[in-house]
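In: take this sequence and fold it.
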Amino acid sequence: MNRYGVAQYDELSTEHQRIVDGLIEGEQYRFDDEIVAIAWGDGRVVSRDGQYHVIPRETVVDWTSPSGLLALAFGVGGAALIVESIRRHHFPRYRPFRGAR
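Out: Numbering: from 1, shown residues only. Down below sits the predicted model:
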């Protein structure tokens, strides 16, 4: 890539040329290998036959995977902690889980 971030089509590997050809034709690719996905960065601009093609990278999260479920758990836990901190600040005498006396 040159200093402006434009990759020359002829300088790409055969695999990357195949991916770029498919993307130009409208195909979508999914990279399960994190190293390959990181190599594409946020996207690329490829110069081919005097035309510039912008290849964006879209990130999709699989919420049913272990890391997706962990992200959901952290989100719900964080929201619960915010609600609890507001409750403690505004209603310090109210204890919702205290046993009956």
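
In: and the gap between the residue nearest to residue 60 when sequence neighbours are not counted and residue 61?
Out: The shortest distance from residue 60 to any non-neighbouring residue, by Cβ to Cβ, 6 or more residues apart in numbering, is to residue 30 (8.0 Å). From N, CA and C alone the C-beta is placed, and that goes for glycine too. Residue 30 is 12 Å from residue 61, where distance means Cβ to Cβ, to the nearest Å.

In: so for the two, which residue has more residues nearby?
Out: residue 61 (10 against 7; other Cβ atoms under 10 Å).

In: show me the contacts for that one.
Out: 68, 71 (Cβ atoms under 8 Å, 6 or more residues apart in numbering).

In: tell me how many other residues crowd residue 95.
Out: 10.

In: revised request: answer the last question for residue 47.
Out: 15.

In: check residue 75 too.
Out: 10.

In: any idea which helix or strand comes after the lowest-mean-pLDDT helix or strand in the chain?
Out: Lowest mean confidence among the helices and strands of the chain (mean pLDDT, DSSP states H and E): helix 34-40, at a mean of 59. The helix or strand immediately downstream of helix 34-40 is strand 43-48, counting by DSSP states H and E.
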